[in-house]
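I'll drop the sequence and a predicted model, then ask my questions.
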Amino acid sequence: MMLNEETRNYILKHADEDVRKLALKMPADERIDVRMALQQIEGRQIARKKLPAWSVHQDILFPPRLSLEQCSSEITALYKQALVKRLLNGINKDKGEMLVDLTGGLGIDFSYLAPLFARAVYMERQHELCLLARHNMNVLGLDHAEVIETDSSVDPVSWPKADICFVDPARRDTAGRKTVAISDCEPDLSRLQDRLREKMTYCVFKLSPLLDIRLAMKELESVSEIHVVSVQNECKELLLVMDSRPVTQPVKCHCVNLKPEISEFVFTYDEEQAEDCAYTSEISTYLYEPNASILKAGAFRSIGRQYNLLKLHPNSHLYTSDRLVGNFPGRTFMVDGCSAFARAEVKKLLGGVTQANMTIRNFPSDVAALRKRLRLKEGGDVYLFVTTLANGQHVIIKTHKISET
């Protein structure tokens, strides 16, 4: 898979231009592959932010926009790389002997994991992706990478034994709808898990962030770690680590937010179940909102207990304290005021504010309707939280942000 010189020169010349405008102007040189050139220009522009280490290689080839938007980012691939390094250290290996990626795709994750192993096998059933992978792995200097065009789930007996197996199941059904249950993904990990444990020391599964974690734990055996990974407070990936050995310790759930520095909160569901949670109907000096990974994982009691915070309501997932808690994994706000939902009280609280950021937690309305009702534009330095207190009272809390981790 190569580009001719004319197409390469066209890509370099127009690298920073608007692809939509370029598409309206046909180049005079008929030797230029216009479709491929536009695809590469657009791909390289996306990669500058999402995959900066890939974008510096002029010979890297990118797939159509949709595939590039759906692939892992560099920051999440680096997190998986660190995770796999730790797993290898746990079995006393500085360098792994074998990596198997059963669902290679564009190969972003594979390209960051492969350098950790003496041998790395990429499996993918789509011919075009295999062609891209062979080309790009050579450009990246991964000469030990083996690209195999196959449906890896059809013949598990042929899988090589490996230290680490990485699987990113397709999360769309045959009609193109998104799927979030493990049994609805392809390949179905619940069906293949016995074979996986026979062949691999560890398996790392990359799953939909919409997946029900507790349901996944019931469907899959020997899960030893859970990683809920967010980027800039947006939940991106759910990673499950499967051990070939029986798991005897409580499973740790790592709630991670990459900014790109790492904020991490670790708990177990046994701890979460056992924790007492203190509730309040009074708003103190500071208000706290856990990051997206903690909210996704459901560490509602554990976070309050660990940071000695009072929770506003079992379903509100907001917390308060008189003293400032440092390094809280989420957003921290100073409370400027609070009122019930009476017209005069709300008017006094807002005091002429016309622009504010608004968050609704456990309240019978949505943001759009409430903005219209309060005549508020989005943005600015004021942060409003509309929620329910432990006594059932609906309130609006006016704050300004102190920190975010």
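Yes, it's here. Quick caveat: nothing in here was measured; it's all calculated off a predicted structure.

switch to C-alpha atoms for all contacts and neighbour counts from now on
Will do.

now residue 335, what's its secondary structure?
Following DSSP: H, G, I helix; E, B strand; the rest coil, the label given to residue 335 is strand.

Show me the beta-bridge partners of it.
The partner list for residue 335 in beta bridges (DSSP bridges) reads residue 399.

how many neighbours does it have?
Close neighbours of residue 335, defined as other Cα atoms under 10 Å, add up to 20.

The one 10 residues further on too?
The local packing count at residue 345 equals 14, with neighbours defined by other Cα under 10 Å.

Secondary structure element holding it?
Residue 345 is part of helix 343-350 when elements are defined by DSSP states H and E.

Residues in contact with that helix: which ones?
Residues outside helix 343-350 that contact it (Cα atoms under 8 Å, 6 or more residues apart in numbering) are 337, 338, 339, 340, 396, 398.

how does it look with 7 Å?
Residues outside helix 343-350 that contact it (Cα atoms under 7 Å, 6 or more residues apart in numbering): 337, 338, 339.

isn't the second one right up against residue 399?
Yep, that's residue 338 we're talking about. No - between residue 338 and residue 399 there is no contact under Cα atoms under 7 Å: 8.8 Å.

Buried residues in the helix holding residue 345, which are they?
Buried residues in helix 343-350, defined by neighbour count with 16 or more other Cα atoms under 10 Å: 346, 349, 350.

can you pull the buried residues of stretch 244-256?
Under the neighbour-count criterion of 16+ other Cα under 10 Å, stretch 244-256 has 244, 251, 252, 253, 254, 255, 256 buried.

Among those residues, which one sits closest to residue 221?
residue 244 (9.5 Å; Cα to Cα).

Please work out how many residues are found near the closest residue to the closest one other than its chain neighbours.
Spatial nearest neighbour of residue 244, chain neighbours left out: residue 197 (4.5 Å); criterion: Cα to Cα, 6 or more residues apart in numbering. A total of 19 residues lie near residue 197 under the criterion other Cα under 10 Å.

Next: residue 109.
Residue 109: 23 neighbours (other Cα under 10 Å).

Which residue comes closest to it once chain neighbours are left out?
Distance criterion Cα to Cα, 6+ apart; nearest residue to residue 109, sequence neighbours excluded, is residue 77 at 5.2 Å.

Okay, the one you found and residue 84: tell me how far apart.
Distance of residue 77 to residue 84, given as Cα to Cα, to the nearest Å: 11 Å.

More neighbours: which of those two?
residue 84 (23 against 19).

Tell me which residues of the helix or strand containing that one come out buried.
Applying DSSP H and E as the criterion places residue 84 in helix 74-90. By 16+ other Cα under 10 Å, the buried positions in helix 74-90 come out as 74, 75, 76, 77, 79, 80, 81, 83, 84, 85, 87, 88.

where's the closest residue to the second one other than its chain neighbours relative to residue 89, distance?
Right, the one you point to is residue 75. Residue nearest to residue 75 in three dimensions, not counting chain neighbours: residue 260, with 7.1 Å by Cα to Cα, 6+ apart. Note on residue 260: its distance to residue 89, by Cα to Cα, is 24 Å.

One more: residue 344?
Distance, residue 344 to residue 89, using Cα to Cα: 62 Å.

Check residue 152 too.
27 Å.

Quick check: buried residues in stretch 289-298?
Neighbour counts using 16+ other Cα under 10 Å place 289, 290, 291, 292, 293, 294, 295, 296, 297, 298 of stretch 289-298 among the buried residues.

May I have the phi/psi pair for the fifth one?
The phi and psi torsions at residue 293 (degrees, to the nearest 10) take the values phi -70, psi -40.

Just to check, it is in contact with residue 236?
No - between residue 293 and residue 236 there is no contact, the gap being 9.0 Å when judged by Cα under 7 Å.

what sits in contact with each of the two?
What both residue 293 and residue 236 touch, as defined by Cα under 7 Å, 6+ apart, is the set 229, 230.

how about residue 194, phi and psi?
Per degrees, to the nearest 10, the residue geometry at residue 194, taken as phi and psi, is phi -60, psi -40.

what about it, distance to residue 163?
Here residue 194 is placed at a distance of 16 Å from residue 163 (Cα to Cα).

Looking at these two now, which is surrounded by more residues?
residue 163 (21 against 13).

Can you tell me the closest non-neighbouring residue to the more buried one?
Distance criterion Cα to Cα, 6+ apart; nearest residue to residue 163, sequence neighbours excluded, is residue 201 at 4.9 Å.

So what's the residue count around that neighbour?
Neighbourhood size, residue 201 [other Cα under 10 Å]: 19.

Over to residue 93?
Per other Cα under 10 Å, the neighbour tally for residue 93 reads 15.
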